[in-house]
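*Asks:* Next one to model:
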Amino acid sequence: MTDYVRRLVSGKKARFKDHKLDVELDLVYLTDQVIIMGYPASGVEGLYRNRREDVKKFLDHRHGKNYWIFNFCPIKENSYDSQYFEGRVSRYPFPDHHAPPLALMPLVAREMRSWLDGSSERVAVLHCKAGKGRSGTMACAYLLSLNSNPAIPLEKSYSTKEWAAKRADDAMDIIPPDDDRHSTESSITDQTTVESPVQADSSPQSNTTPNHSPMALKHVLDLHTSRRMKQPLTSDKKVKQGVSIPSQRRYLYYWSLILSHQAPTHLWSNDPLMPSAPPTSTPKVRLAEIKLRTKESGGMTFNLVRAANAILDRGSTSKGSSQVWVSLARYDDDLIELLEKWERYTRDEANVGRRRPGTRDFGSETLNDIFEGGKWDKSKMVRSFARLGCSDDNDITKSDNGKDGKIITYTLTPLSDKRWKNIQGQLESTKAGEAVIDPEEFNIPASEGNSMYDLTQAVKGNRGVVLDAAREVRVKLYMGQVFMGWAWFIPTFHMPQPPPNGDPQASESPIQTTFKLTRKELDFPLGIGSSILDVEISLEWLKKAETETEGVQPLKTPEEEKEQDSSEPTGLAAAAQMVATPGVGVGDVVEAKQAGKD
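*Replies:* Down below sits the predicted model:
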């Protein structure tokens, strides 16, 4: 019965059955040296996830002391004592369903490579909670850092059923066309024997060119999908992507550009960092505006409108429920500074994906000390710093382009304190109506996923929000108190290069650009978000002189963080309107609900 429940929780992910141990786990071998699995749980959680004792028995039996675990779960989400696995655990936490800090990718890839290069018998075991998005992202980051495509897994990496199917497929693949069968029948047996991976020395031919191109990224993502996700029962159904969240895939693209030396040259300093090295400055950009285009809500189903309106409008006639606004957020500045320091210090300039020898210690610090004690991940890791909204009715326009029907365009610019308090007051009025909502009416759990209380420092004037060009930004879209979707990006990857250098002969005109994200390129555009057509973000480089006078928009103060934590709305509207959306399953609702908490 418990295995049945675990299979339901695994959903469309593949599982591994070890008949000798009589253990079935939410686990796959991505390659012979890379394992991805779901969270090793205990207690009640072990009834529907991997039981911790089963995981240990599996790893000890198959790999002895040749395994090392990489845990991507923040303590806020889940935790266990690393001594359960004899201390062979490294933690690199970041929030569920989010993109990681960019500097975390090389640190994980380098430690994996350092461990696995020590012996062909070693394995790296990656897990987050579900063992899919975060684990898949970091596994792909490691595979991209290799100098050749990963080898096809051998027999030990397959379950008995998978291996039998693979042998059958291999045999079918080498059968010649019907016209030649009469002359080659005797060669089939010989070729089948040669193809058998039981002969360990007969590894498949590998590509020796660097594994860093866009095509290599596609190959790695496809490999992860083919191994991590269950194959459909019928050929007319598509396999769900392993790394399916657009922002995580976008960050893997950034990482592939860094590995292939095609990233902006200013992104990370080329000079190895020593313990006494002074901090360096980076170019800045100004986010001028965001344009959101949506289809008119008349196309939404009656159930969606009923569910959303029941939450947003009951007990209130306020316009707050129709306000469209944006929250900008990023990871903690001190955490990113620490991660980038270690990235620069451990970098091997000849091979960015490899750790520079002798860099496990940085003065009196060690790499594994970064997340020791939960300083960075006991609470929310993502913090907001600015808001954008419509200044007046002229910022909302309607048009009809025929193909998509009636389109509403919202032009969102930085909000002053006065304007934000006006919007917040309208949202507060709407929030009062939520108290009478019975969660059982929609058969959904309460969510903590909204951020109307993301109090941040006001933007002075309307010139835009100043950003560090090389730092991550999360753009989170709201309609009233319901999030519509979000996206992570790093501005410099979308800007004309190089940034202004202060040359007095350079043009006085600002260097501007816009980039567009379609709905498919947003994370969790469910419910009301399903009406989104695209989001267009306008950026411009700050000139050298401006970077010295205009600072990056600061994060919230601890007092504002405390106020937010004590005042967040329950957010039943978000879950209710998603439940009512056609084609949105319970799993999608749960994922979006959980993702919205950070």
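*Asks:* Let me know the average pLDDT across the one helix or strand Leu412 maps to.
*Replies:* In the assignment (DSSP states H and E), Leu412 maps to strand 406-414. In this model, strand 406-414 carries a mean pLDDT of 95.
*Asks:* Name every strand pairing with it and say which way it goes.
*Replies:* If you go by DSSP bridges, strand 406-414 pairs up with strand 284-295 (antiparallel), strand 382-389 (antiparallel), strand 396-400 (antiparallel).
*Asks:* Any idea which of those gets closest to Arg110?
*Replies:* Arg110 sits nearest to strand 382-389 of all the strands paired with strand 406-414, at 24.3 Å, using Cβ to Cβ. Where C-beta positions appear, they are placed from N, C-alpha and C, glycine not excepted.
*Asks:* tell me the domain ranges of the protein?
*Replies:* Domain assignment for the chain by automatic domain parsing gives 1-151+206-230+241-263+347-375, 283-332+377-595.
*Asks:* Just give me the lowest mean pLDDT stretch among those domains.
*Replies:* domain 283-332+377-595 - the lowest mean pLDDT of the domains of the chain, at a mean of 73.
*Asks:* Quick check: end-to-end length of stretch 394-408?
*Replies:* End-to-end distance of stretch 394-408 (Cα to Cα, to the nearest Å): 12 Å.
*Asks:* For it, list every residue counted as buried.
*Replies:* Neighbour counts using 16 or more other Cβ atoms under 10 Å place 395, 407-408 of stretch 394-408 among the buried residues.
*Asks:* can I get those residues in a markdown table with distance to Ala103?
*Replies:* Formatted as a markdown table, the buried residues of stretch 394-408 follow (distance: Cβ to Cβ, whole Å):
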| residue | distance to Ala103 |
| --- | --- |
| Asp395 | 36 |
| Ile407 | 39 |
| Ile408 | 38 |
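*Asks:* nearest to Ser260, of the residues you listed?
*Replies:* Ile407 (38.1 Å).
*Asks:* who does the closest one bridge with?
*Replies:* Beta-bridge partners recorded for Ile407 (DSSP bridges): Lys295, Ser399.
*Asks:* List the contacts of it.
*Replies:* By Cβ atoms under 8 Å, 6 or more residues apart in numbering, the contact set of Ile407 is 293-296, 398-401, 533.
*Asks:* can we see that at 7 Å?
*Replies:* Applying Cβ atoms under 7 Å, 6 or more residues apart in numbering to Ile407 gives the contacts 293, 295, 398-399, 401, 533.
*Asks:* closest one to Leu338 among the domains of the chain?
*Replies:* domain 1-151+206-230+241-263+347-375 (6.4 Å).
*Asks:* Helix or strand next in line after the helix or strand harbouring Leu335, which one?
*Replies:* Here Leu335, judged by DSSP H and E, is contained in helix 333-346. Using DSSP H and E, the helix or strand that follows helix 333-346 towards the C-terminus is strand 347-348.
*Asks:* in a strand, that's where Leu126 is, yeah?
*Replies:* Yes. Residue state for Leu126 (DSSP: H, G, I helix; E, B strand; the rest coil) corresponds to a strand.
*Asks:* Can you name the residues in contact with stretch 65-83?
*Replies:* Stretch 65-83 is contacted by residues 39-40, 52, 59, 85, 88-96, 108, 112, 115, 119, 121-129, 134-135, 138, 374, 377-379, 381 when judged by Cβ under 7 Å, 6+ apart.
*Asks:* Now restrict the residues you listed to buried residues only.
*Replies:* The neighbour count (16+ other Cβ under 10 Å) marks 39-40, 52, 59, 85, 88-96, 108, 112, 115, 122-129, 134-135, 138, 377, 381 as buried among the contacts of stretch 65-83.
*Asks:* out of the residues you listed, which are inside strands?
*Replies:* Under the assignment DSSP state E, the buried ones among the contacts of stretch 65-83 contribute 40, 89-91, 123-127 to strands.
*Asks:* from these, which two are the most distant?
*Replies:* Taking Cβ to Cβ, no two of those sit farther apart than Arg91 and Val123, at 18.0 Å.
*Asks:* and which of the contacts of Ile407 is nearest to Trp255?
*Replies:* Distances from Trp255 to the contacts of Ile407, taken by Cβ to Cβ, are shortest for Leu533, at 28.8 Å.
*Asks:* what sits against that closest one?
*Replies:* Leu533 neighbours (Cβ under 7 Å, 6+ apart): 293-295, 404, 407, 519.
*Asks:* Check those residues against Val352 and report the nearest one.
*Replies:* Distance ranking of the contacts of Leu533 against Val352, using Cβ to Cβ, places Arg519 first at 33.2 Å.
*Asks:* Let me know the distance separating that closest one from Ala329.
*Replies:* The spacing between Arg519 and Ala329, counted by Cβ to Cβ, to the nearest Å, is 21 Å.
*Asks:* Please identify which of those two sits among more neighbours.
*Replies:* Ala329 (23 against 19; other Cβ atoms under 10 Å).
*Asks:* Determine the three-state secondary structure at that one.
*Replies:* Secondary structure state of Ala329, per three-state DSSP, is strand.
*Asks:* Quick check: it vs Gln83, distance?
*Replies:* 35 Å.
*Asks:* Pull the number of nearby residues for Leu146.
*Replies:* 21.
*Asks:* before we move on, what about Asp81?
*Replies:* A count of nearby residues for Asp81, using other Cβ under 10 Å, gives 8.
*Asks:* Quickly list what Val324 is bridged to.
*Replies:* Taking DSSP bridges, one obtains Met479 as the residues bridged to Val324.
*Asks:* For Lys295, grab the count of nearby residues.
*Replies:* Neighbour count of Lys295, defined by other Cβ under 10 Å: 17.
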